[in-house]
Every structure is written in structure tokens, then in C-alpha cells.
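# Fold the following and give me the result.
(chains A and B)
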Amino acid sequence: MTLVSLFFYLFSGIMIASAVMVVSSRNPVHSVLFLILAFVNAAGLFLLLGAEFLAMILVVVYVGAVAVLFLFVVMMLDVDFSELRQGFLQYLPLGALIAGIFFVELALVVGTWQLAPDALAMRKAAAAVPVEAMNARALGRVLYTEYVYFFQAAGLVLLVAMIGAIVLTLRERTGVKRQDVAAQNARTKAAAMTIVSVPPGQGVTNAGVKRADAAGQDFVGQGS
Amino acid sequence: MNPVVSPVPALGPALPEIVIALAALALVLIGALRGDGAKRLIDALALAALAVAALILLDQGPGRLATFNDAFVVDGFARAMKILTLIGSAAAIVLSTRFLVEEKFARFEYTILVLLATIGMMMMASSNELISLYLGVELQSLALYVVAAINRDNAKSSEAGLKYFVLGALSSGMLLYGMSLVYGFTGSVTFPTIAKAVSGAGGTGVMIGLVFIIAGLAFKMSVVPFHMWTPDVYEGAPTPVTAFFATAPKMAAVAMTTRLLIDGFLPVAKDWQPIIAFVAIASMGLGAFAAIGQQNLKRLMAYSSIANMGYALVGLAAGTVQGIEGVIIFMAVYLAMTIGVFAVILAMQANGTRLETIGDLSGAARNHPGLAFVMAVLMFSLIGIPPLAGFFGKFYVFAAAIEAKLFALAVIGMLASAVSAYYYLRIVKVMYFDAPAPAFGRAGPEIRGLMWASAAFVLLFAVVANPIRTMAAAAARSLF
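So this is what the prediction gives:
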């Protein structure tokens, strides 16, 4: 057993096991964590195939963005998963039937599988791997030259998505008191303070003091 | 490692798109720094950018230019359709300036989204292969979904946006599925190579792919049986947005459908002609009958646009140079008439409320003779009464259909046209013979200007019909 196949079985084994855990785990947060493990192992499999770029993208996009988003949703929405699971036994026969049908179909497909006689020869005669087999570099090379038009167009599509999201969801919240440093610094003693002589035992409210209402910058004490 | 130097692709052919894209980026910055208060400035600059793009297009001369490995072509046809698109977008911006302020959602992003959608539409008209076509469609659609819902505090506008988005995503899926099949069976995404691959025997796989692509495109053109979203979206979206939907995107959708079918699938024309003919007949029929019961003018215009797309497809179904020439003329006339009708609808407002029903036009001839006259001219033109522009539009497509021996199509089209005369004439009758409803407020000068410009174009089309026809013929020939 070579090192490559050893790693192949290692990655595949962990991946399948964690995929099983994703569906069977009782705690949804554990499910998402196992999903991340599955993604990382899939990235490992891509590495074995020589697709470094895909491997990195898988980690960056799926682990870095999608799975973390899942995690946020699961933790914030407080979905009651035990309630979702309630009909499990009730629908088990139907589910088992469908799974059985799929399994029979799969068996039929695999059972009648035939390789074209010259397939192996063609596999060997495949185009030689380019010398600089760094696929990130190779992709970058065509992305910015041959496919620059599509690349830029896709960029514009993303720009539209961004503007659209802002247009449809951003709301200026009214009634929020924001800190305005300039306004605070511009306050003078005269604008901010009133000196009153309070008759003993009456409290400021009865002494004719009006509360300053300049943008909530109110330092008049509420003493009594 | 050796640095690989690859030549910079020629940017000249795509200069109009680049100008608009740079303008959109600059306007985003201006808007972000100066806020919604800069809307007037942004509108003016956006119109200037559209005008510059149109001038560059006119300056490019009649030849065929291609760049980006032939993914982007500019020929006479693309130029004609792009100029129509630019006119539609400019009209959408002009019509919106006052409306958005009065309805209190004056957001500068509207103009920028219109600009970005325009880039997508121009890419659609120029795309010579499936990937750029899809990217153009997505750029356009995504911007349109957002502008449909731009009045986000209005339930109807949000509903229109959501409906459009969900159905649009579905149609994009169909389009992509069809493209994948066509790519799988022909081994190429560029139209000329696809044409070469299907010229021997199309094969079932390619045909299934083509049917899916046509379904996706039919959605973008809003023709039967993929029209269901149109009335709701047209009614729900703010009126200037509806005017935009009814004009510019239709030009681009018809342009890309024409280029795809003529450049990519002309060898199997026998296979797609019946599909296009069916879609055309169904659209003309549904547009004619379903509009009869409508009271809301925007809904009525939605059905009218479905019917009009059907007429345009009659020319495409012919699949000949005359047919495409007819399509170009028809689309130009349709653009002018639609802008005019929506300018009239926008002029209908009293005491700050927008009026949209036919009943509100009642007796308009008494209070607003000018507005009623313009509307009557446009209605007669939509029916296709000579010597108005609408007659020429329909005449050229039907003539092409008859020359291509598609008699049934032409006859059904004329019958549908006769049915639609009922609801167009009803508007004229309501305006001229019914008791006057309360008078409207005074419309802005830009709305009155567009109204009269459209009426003048419709009235005087007969004078300029010949030069326009020569230009359209040259543009149509560039496709074959």
C-alpha cells in the first residue's frame, strides 16, 4: 500500500464517518462541526488528485464561509431539532421503500457496468500534464487573459448583488443617539450648564430648571 | 519560470459597455459620498454616459467587430438593438426623476442599477456564445429584480420583486440546463461552432437543450407559456420601473434570442421554427384576449407587451433576412409607443395620488386634450392603423411571415390584432365620449416631452419609414 492510497483511505474513511455523524448527531452544533470535518477531508482528497486550487477553495468557501454561516444560523435561531425528528418512525416505512428502490437502481447500474474496451488505453494516452502543474497558476493565467471578459462580467454581477442587498435591506435607523465628537467638543459652558440656586428641600425639578435637550447631551443632574 | 505575456484583448468594440461600467462605478462613489441628495447629479451623469455610449456605437461604423476570443461581437444588428436598449434605459431614468421624489423613495441606487442592467442588456445583444449570454442575462436580471422591489416599503412592489426573483431564478436554471446539454452534444459554446456541429444532424440531445434554452429566453421575453409573472410584476413595480421593464429588457431579450437562433441554430431552423411559431401564436392570442377584462392600465400594458412580443417573434419564426428586418423595425416602433404610453400613465396623477385605471382617463379629452390626443394616437398605432408607426411594424413582420410561407401565423396574427383593437379602442372611447373624471395635476416637462416625442415619432414614421427600413435591412443582413 503506497502512501497515497493510505491517505486516500484515511481521508475517505474520516469523511464518510463524519458524514454519518452529520445526520445522526443529536446536537445540531455537533452536526455542523462534523460537516466541517467532512469538508476538510474532501479538500484532502482533492489534494491527492492534484487539484490544489479546488482544495483551497473548498476550505476557504465551504469551511470558512458556508459552514460558519450554518453555525451562526444553528446557534442563533434555536431550532428545536427534536421536534423536527418527531415523525421519524411514522415515515420510516416510506423512506425505507424509497431507499430500497434507489438501492436496486444503483445495483442495476453497477451490475451492468461495462468499460469500453479501449478506455484504459485512452486513459493512458491522455494529454500530458503541463510542466508547471500548479493549477492555481494555470487558472490565473487563463482567467486574466482568455476569460477576462467573463471574469469582469461576473465581477459586475457581484457588484449588482451587493448594491441590491444594500438597497433592499439597509435602513437608516431613526431615534438612535450617535456620538458626534465635533458637536460634543463645540459645547460651551454656557450651553451645557445652568447654575441655579436651589432652595433647600425642594429639588431641582421645582426650581425652574429646564432639561437641556441638545442631542441628548444632558449633564444636568437628576438630583432631588 | 518564464513570464507568459498574452496580448491585451482589443477593448474598442466593447468601449460603450466599458464607458457605462466606469460611469456606474463612479456614480456609486458619488452616491455613497453625497447620499440621496446627489440623485439629480447622478441622473444627469448617467444620461450623459448613456449618450456617450450611443455616440461611440454610432461612431463604430457598419463593420463587424469581435473581441475577447469572439465572445463579444458588434455587428449592425447588435448596434441597432443596443441603441434601442440605450433609448429605453434613458427613458426609464428620465421618467423616474420626478416620480421617485414624489413617491418618497428617491434613491440614487435606482439609476445605478438601471445603468448596470443596461450593461447586461448590451452584453446580451453582443454575446456570440453561451457563457457571455448567460452572464449578460444574469447581470440584467439581478438588477431588474432589485429595481422591481425598490419601493421596499410598498407591499406590492416587494411582492413584484420577490415573484420576479423566484421565477427568474427558475428560468435561469432552465437556461443553464439547456446550455449544458447543447455544450455536451456539440462540444462548443460559441454560436458559429454550434452551427457547424448541428449542420449535419442536430440530434435529439441538442434539440432538448435548445428547447430548454428557448424556454429560458421565453421567460426573459415574457411570452406564453412563460408569461405568468408579467402582469403581477408590471402592476406591482413602480410605474417608471414598469416602463423600463416593458422597453429595454425586451430589446435585449429579442436581440439575444435572434442571435442565438440565427447564428447558432440556423441549420436546424426547421426544428425550432414550429416552437417559435407556437410561442408567437399563443402570445398574440393570450395578449389579445386576456387584456380585454383589464381595468388597470399597467396590467393592460403587460398583456399588450406579451402580445407585442408575439408579433416580434412572427418575424423571427420566418428565419429570413426580411423577418429579422421586420423584428428590428417592430421593436423600434414598440419601444417608441411603449415609452409614450407609460409617459401618459405617469402624467395621470391628482393631488399626489397616482391614477392607473382606465376609468381615471374618463373624459380626459375635455380636461386634457393634448394628453388624450397623444394617448389616442398611441392606441391607434398599437392596433396597427395606417399610416401610424404601429402599422409599419406589424406590416414588415407579417410580410416576412407570408414570404416564408407561414400563412397560418400571419393570419392568426392579424386576427389577434383585430381582437386587441377592442381594448385599445375602448380607451379612446372612454377618453373622448365618457363623462369627465376629475382633472389631473400638471405633469412634469420631461414627461410631457417624452409623450409628445413618442406621438410625433408615431405620426411621422411614414415619412422616415424608408431610411429606417434601409438601416434595419443592413442590420439584419449582418446576422446572416
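
# Give me the distance from the lengthiest helix in chain A to the chain's centre.
Counting residues, the longest helix found in chain A (DSSP state H) is helix A:88-111. With CA atoms, centre = their mean, to the nearest Å as the basis, helix A:88-111 stands 32 Å off its chain's centre.

# So which other helices or strands are in contact with it?
Contacts of helix A:88-111 with other secondary structure elements, assessed using 3 or more CB pairs under 8 Å, 6 or more residues apart in numbering or on different chains; DSSP states H and E, are absent: no helix or strand is involved. C-beta: built from backbone N, CA, C; applies to glycine.

# measure the closest residue to chain A within the stretch 151-300 of chain B to residue B:329 for me?
Among the residues of the stretch 151-300 of chain B, residue B:152 lies closest to chain A, at 5.6 Å counting by CB to the nearest CB. For residue B:152, the distance to residue B:329 (CB to CB, to the nearest Å) stands at 39 Å.

# which of these two has more neighbours?
Neighbours around residue B:152 and residue B:329, counted as other CB atoms under 10 Å in any protein chain shown, are more numerous at residue B:329. The numbers are 29 against 16.

# okay but the more buried one is in contact with residue B:468, surely?
Yes. Applying CB atoms under 8 Å as the test, residue B:329 and residue B:468 come out as touching, 6.4 Å apart.

# if we can go back for a sec, how about the longest helix of chain A as PDB, C-alpha atoms only?
Provided in PDB are the C-alpha atoms of helix A:88-111 (Å, rounded to 0.1, in the frame of the first residue of the first chain):
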ATOM      1  CA  PHE A  88     -39.300   9.800  12.100                       C
ATOM      2  CA  LEU A  89     -40.900   6.400  12.900                       C
ATOM      3  CA  GLN A  90     -44.100   7.300  11.100                       C
ATOM      4  CA  TYR A  91     -42.300   7.900   7.800                       C
ATOM      5  CA  LEU A  92     -39.700   5.200   8.300                       C
ATOM      6  CA  PRO A  93     -41.500   2.600   6.000                       C
ATOM      7  CA  LEU A  94     -41.900   5.100   3.200                       C
ATOM      8  CA  GLY A  95     -38.400   6.300   3.500                       C
ATOM      9  CA  ALA A  96     -37.100   2.700   3.600                       C
ATOM     10  CA  LEU A  97     -39.100   1.900   0.500                       C
ATOM     11  CA  ILE A  98     -37.600   4.800  -1.500                       C
ATOM     12  CA  ALA A  99     -34.200   4.000  -0.200                       C
ATOM     13  CA  GLY A 100     -34.700   0.400  -1.300                       C
ATOM     14  CA  ILE A 101     -35.800   1.500  -4.800                       C
ATOM     15  CA  PHE A 102     -32.700   3.700  -5.100                       C
ATOM     16  CA  PHE A 103     -30.500   0.800  -3.900                       C
ATOM     17  CA  VAL A 104     -32.000  -1.600  -6.500                       C
ATOM     18  CA  GLU A 105     -31.400   1.100  -9.200                       C
ATOM     19  CA  LEU A 106     -27.900   1.500  -8.100                       C
ATOM     20  CA  ALA A 107     -27.300  -2.200  -8.100                       C
ATOM     21  CA  LEU A 108     -28.700  -2.500 -11.600                       C
ATOM     22  CA  VAL A 109     -26.500   0.300 -12.900                       C
ATOM     23  CA  VAL A 110     -23.400  -1.100 -11.300                       C
ATOM     24  CA  GLY A 111     -24.300  -4.700 -12.300                       C
END
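
# Give the buried residues for the helix or strand following it.
Tracing the chain C-terminally past helix A:88-111 and defining elements by DSSP states H and E, one meets helix A:119-124 next. Along helix A:119-124, no position meets the burial threshold by neighbour count (16 or more other CB atoms under 10 Å in any protein chain shown).

# State the mean pLDDT of helix A:119-124.
Averaged across helix A:119-124, pLDDT comes to 73.

# Not counting it itself, show me its contacts.
If you take CB atoms under 8 Å, 6 or more residues apart in numbering or on different chains as the criterion, helix A:119-124 is touched by residue A:116.

# mind checking how far it is from the chain centre?
Offset of helix A:119-124 from its chain centre (CA atoms, centre = their mean): 41 Å.

# Ramachandran angles for residue B:405?
In terms of degrees, to the nearest 10, the main-chain angles of residue B:405 are phi 60, psi 30.

# and it, how far is that from chain A?
40 Å (CB to the nearest CB, to the nearest Å).

# if we can go back for a sec, can you pull the buried residues of the longest helix of chain A?
Residues of helix A:88-111 classed as buried: none (neighbour count, 16+ other CB under 10 Å).

# Residue B:71 - nearest residue in space that isn't next to it in sequence?
Leaving out its chain neighbours, the residue that sits closest to residue B:71 by CB to CB, 6 or more residues apart in numbering or on different chains is residue B:132, at 4.7 Å.

# Report the contact partners of residue 139.
Defaulting to chain A. Contacts of residue A:139 were listed using CB under 8 Å, 6+ apart, and they are residue A:53.

# Oops, wrong one, chain B.
When the contact criterion is CB under 8 Å, 6+ apart, the partners of residue B:139 are A:153, A:156-157, A:160, B:116-117, B:119-120, B:123.

# change it to 10 Å
A:153-154, A:156-160, B:116-124 (CB atoms under 10 Å, 6 or more residues apart in numbering or on different chains).

# CA atoms only: put stretch B:276-293 into PDB for me.
Listed in PDB are the C-alpha atoms of stretch B:276-293, where the atom choice follows Å, rounded to 0.1, in the frame of the first residue of the first chain:
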ATOM      1  CA  ILE B 276     -41.200  29.900 -32.200                       C
ATOM      2  CA  ALA B 277     -44.400  29.900 -34.300                       C
ATOM      3  CA  PHE B 278     -46.400  28.300 -31.400                       C
ATOM      4  CA  VAL B 279     -45.000  30.700 -28.900                       C
ATOM      5  CA  ALA B 280     -45.800  33.600 -31.200                       C
ATOM      6  CA  ILE B 281     -49.400  32.400 -31.800                       C
ATOM      7  CA  ALA B 282     -50.000  31.700 -28.100                       C
ATOM      8  CA  SER B 283     -48.600  35.100 -27.100                       C
ATOM      9  CA  MET B 284     -50.600  37.000 -29.600                       C
ATOM     10  CA  GLY B 285     -53.800  35.200 -28.700                       C
ATOM     11  CA  LEU B 286     -53.400  35.400 -24.900                       C
ATOM     12  CA  GLY B 287     -52.300  39.000 -25.100                       C
ATOM     13  CA  ALA B 288     -55.400  39.900 -27.200                       C
ATOM     14  CA  PHE B 289     -58.000  38.100 -25.100                       C
ATOM     15  CA  ALA B 290     -56.600  38.400 -21.600                       C
ATOM     16  CA  ALA B 291     -56.200  42.200 -21.900                       C
ATOM     17  CA  ILE B 292     -59.900  42.700 -22.600                       C
ATOM     18  CA  GLY B 293     -61.000  42.400 -18.900                       C
END
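
# Could you list the buried residues of it?
Within stretch B:276-293, the residues that qualify as buried are B:276-277, B:279-291, counting by 16+ other CB under 10 Å.

# Now do residue B:146 against residue B:90, distance only.
For residue B:146, the distance to residue B:90 - CB to CB - is 19 Å.

# Leaving out chain neighbours, which residue sits closest to the residue of the stretch 101-250 of chain B found nearest chain A?
Residue of the stretch 101-250 of chain B nearest chain A, by CB to the nearest CB: residue B:146 (3.7 Å). Distances taken as CB to CB, 6+ apart put residue A:164 closest to residue B:146, at 3.7 Å, once the chain neighbours are dropped.
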